[in-house]
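A.B. asks: Structure, please.
(2 chains)
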Amino acid sequence: GAVVSQHPSWVICKSGTSVKIECRSLDFQATTMFWYRQFPKQSLMLMATSNEGSKATYEQGVEKDKFLINHASLTLSTLTVTSAHPEDSSFYICSASEGPRTGELFFGEGSRLTVL
Amino acid sequence: DAKTTQPNSMESNEEEPVHLPCNHSTISGTDYIHWYRQLPSQGPEYVIHGLTSNVNNRMASLAIAEDRKSSTLILHRATLRDAAVYYCILSPQAAGNKLTFGGGTRVLVKP
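C.D. replies: Numbers count the residues shown, from 1 in each chain, chains lettered A, B, ... in the order given. Next comes the predicted model:
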């Protein structure tokens, strides 16, 4: 099946720094990617929809200046957590699909961010 | 968006079938029913999806009630590797591939 890869799988950073997480579709072109965050023992929360070549669409309550999303190519979307703080520590997960509605979304392995 | 209701947790014995219920009484006619599962410290994994008819694949079966207000995911023979959180998600046709996750059911498989 199709593969979506995230990098890094885990990262530790100091408070106030910015961290970039990459999401790549390895064997298909993804016009749309989605970013989620997940706190311990909670469900996934959709943060934003990343559209190739255009601005991301953010869910209500998600700060677009805090979580910068770039989808520069059909195989790569990046999430940058700017001026990270301990409350941003979470498991960030991306997903991608091959077309507008294929029925099956492919998820990355997740990236665990710890902000000290 | 229509919501789903799932039990918080279920236990099963290895090699036995597991029936995971999902209630979605406010489902609309164009809502697809999706099931994903998430193993510990991993991203979710697609299991199955359907609209009106029952569906089978190599991982599981999806039984959809005639009125579509509920569905059941069936794992035919649970293995230890099936221990995960299973999410039942409704996806409106207009939403494309955008999925909104609810609480899910944590499945524990006992040897």
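A.B. asks: Tell me the bridge partners for residue A:6.
C.D. replies: Taking DSSP bridges, one obtains residue A:23 as the residues bridged to residue A:6.
A.B. asks: Report the buried residues of the host helix or strand of residue B:22.
C.D. replies: Element membership of residue B:22, judged by DSSP states H and E, is strand B:18-23. When neighbours are counted by 16 or more other CB atoms under 10 Å in any protein chain shown, the buried residues of strand B:18-23 are found to be B:18, B:20, B:22-23. Glycine gets a C-beta too; all of them are placed from N, C-alpha and C.
A.B. asks: For chain A, state which of those is nearest.
C.D. replies: residue B:22 (14.1 Å; CB to the nearest CB).
A.B. asks: returning to that earlier point: quickly run through the sheet partners of the very next helix or strand once past the strand holding residue B:22, with directions.
C.D. replies: Sequence-wise, the next helix or strand beyond strand B:18-23 is strand B:31-38, with elements assigned using DSSP H and E. According to DSSP bridges, strand B:31-38 has the following sheet partners: strand B:45-50 (antiparallel), strand B:84-92 (antiparallel).
A.B. asks: so the residue nearest the centre of chain A bridges to which residues?
C.D. replies: Note on chain A: the residue nearest the mean C-alpha position is residue A:35, at 3.7 Å, using CA atoms, centre = their mean. Listed by DSSP bridges, the beta-bridge partners for residue A:35 are residue A:48, residue A:94.
A.B. asks: any idea how far residue A:69 is from it?
C.D. replies: 6 Å (CB to CB, to the nearest Å).
A.B. asks: Kindly report the residues of chain B close to chain A.
C.D. replies: B:32, B:34, B:36, B:38, B:41-46, B:49, B:87, B:93, B:96-104 (CB under 8 Å from any CB of the partner chain).
A.B. asks: Isn't the residue nearest to the centre of chain A up against residue A:50?
C.D. replies: Yes: with contact defined as CB atoms under 8 Å, residue A:35 and residue A:50 form a contacting pair (6.4 Å).
A.B. asks: which neighbours do these two share?
C.D. replies: Taking CB atoms under 8 Å, 6 or more residues apart in numbering or on different chains as the contact definition, residue A:35 and residue A:50 share the neighbouring residues A:69, A:77.
A.B. asks: Any idea which residue of chain A lies closest to chain B?
C.D. replies: Checked against chain B (CB to the nearest CB), the nearest residue in chain A is residue A:107, 3.5 Å away.
A.B. asks: follow-up on the earlier one: give me the contacts around the strand holding residue B:22.
C.D. replies: Applying CB under 8 Å, 6+ apart, the set of residues contacting strand B:18-23 is B:4-7, B:10, B:12, B:33, B:35, B:69-75, B:78, B:82, B:86, B:88, B:105, B:107, B:109.
A.B. asks: and what of stretch A:17-30?
C.D. replies: With contact meaning CB under 8 Å, 6+ apart, stretch A:17-30 is reached by A:2-8, A:11, A:13, A:33, A:35, A:52, A:74-84, A:92, A:94, A:96-98, A:106, A:108, A:111, A:113.
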